[in-house]
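**Student:** Curious how this folds, go ahead:
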Amino acid sequence: MKSPDLARQLAFLKEIDRLKSIVRLSPLIDRSRRENSAEHSWHLALYALVLAEHAAGSVDVLRVVKMLLIHDIVEIDAGDVPFHLPETHAGQAEREQRAAERIFGLLPAAQATEFQALWQEFEAAESDDAKFAKALDRFQPMLHNAATDGGTWVECAVTLEQITARCQPPIQNGAPALWEAAVGMAEDHYRNRPPRD
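**Tutor:** Numbers count the residues shown, from 1 in each chain. Coordinates of the predicted model:
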């Protein structure tokens, strides 16, 4: 017979399988389709492992990986809201908070508290770990868009100024060297893009 904690853990693991069906605007680099939120989270966890030396502060990579693996779980209920579509932003913070309470609440109490605290820390982006995690979360889509001839930047008619306003503060704050790389990629795209009719 399963213990109550194991039953709750298994219920949580079954529930988070739904993250695979949350489709983001960002394309895969091979442009075969759009990525889903589970792939995005997995990719960011690897970014943390590979790019940790570029963090602005002293980071605990395992904590950063944990944050990145759980940071978008709330999208199961709240959906993914691209920054390119501001009309979808209203009420998102409240939807995500309710989702965090419901989904992390499936876990045994101690794990629910830990995961909720990590999610809140990521959202606040005040600790060195969270600043680095947030930097990676903004850096990865920039890399994808630059590698796909503009991807969603072109699709949503996003300007370099909008990208800079959205991405520079968190990336610069958590990993300045990554901002230097990211802005270089974005500037190259906009410099080399033919003018719109």
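**Student:** Only C-alpha atoms from now on, for both contacts and neighbour counts.
**Tutor:** Will do.
**Student:** For residue 18, which non-adjacent residue is spatially closest?
**Tutor:** Sequence neighbours aside, residue 76 is the residue nearest to residue 18 in space, at 6.2 Å (criterion: C-alpha to C-alpha, 6 or more residues apart in numbering).
**Student:** Spit out the contact partners of the residue nearest to residue 124 when sequence neighbours are not counted.
**Tutor:** Closest residue to residue 124 apart from its sequence neighbours, by C-alpha to C-alpha, 6+ apart: residue 130 at 7.6 Å. Taking C-alpha atoms under 8 Å, 6 or more residues apart in numbering, we find residue 130 in contact with 64, 67, 121, 122, 123, 124.
**Student:** Which of those sits closest to residue 3?
**Tutor:** Residue 3 lies nearest to residue 67 out of those, by C-alpha to C-alpha, at 26.8 Å.
**Student:** can you confirm the closest one is in a helix?
**Tutor:** Yes: assigned with DSSP: H, G, I helix; E, B strand; the rest coil, residue 67 falls within a helix.
**Student:** For the residue lying closest to it once chain neighbours are set aside, give me the pLDDT.
**Tutor:** Using C-alpha to C-alpha, 6+ apart and skipping residues adjacent in sequence, the residue nearest residue 67 is residue 118, 5.7 Å away. With respect to pLDDT, residue 118 scores 98.
**Student:** quick one, phi psi at residue 118?
**Tutor:** Main-chain dihedrals, residue 118, degrees, to the nearest 10: phi -60, psi -40.
**Student:** model confidence over the helix or strand hosting residue 24, on average?
**Tutor:** Per DSSP states H and E: residue 24 is located in strand 23-27. What strand 23-27 shows for mean pLDDT is 92.
**Student:** in its sheet, what does it sit against?
**Tutor:** Sheet pairing of strand 23-27 (DSSP bridges) gives strand 34-36 (antiparallel).
**Student:** can you pull the buried residues of the helix or strand following the strand it pairs with?
**Tutor:** Once the chain leaves strand 34-36, the next helix or strand it forms, by DSSP H and E, is helix 37-51. Across helix 37-51, burial judged by 16 or more other C-alpha atoms under 10 Å covers 37, 38, 39, 40, 41, 43, 44, 45, 47, 48, 51.
**Student:** Out of those residues, the closest to residue 149 would be?
**Tutor:** residue 40 (19.2 Å).
**Student:** separation between that closest one and residue 124?
**Tutor:** Distance, residue 40 to residue 124, by C-alpha to C-alpha, to the nearest Å: 20 Å.
**Student:** Run the angle between the strand holding residue 24 and helix 37-51 for me.
**Tutor:** 50 degrees (axes from the mean of the first three to the mean of the last three C-alpha atoms, to 10 degrees).
**Student:** how near is the residue nearest to residue 124 to residue 173?
**Tutor:** 10 Å.
**Student:** and the residue most central in space within the chain, what is it in contact with?
**Tutor:** Nearest to the mean C-alpha position of the chain, by C-alpha atoms, centre = their mean, lies residue 137 at 3.9 Å. Counting by C-alpha under 8 Å, 6+ apart, residue 137 touches 44, 68.
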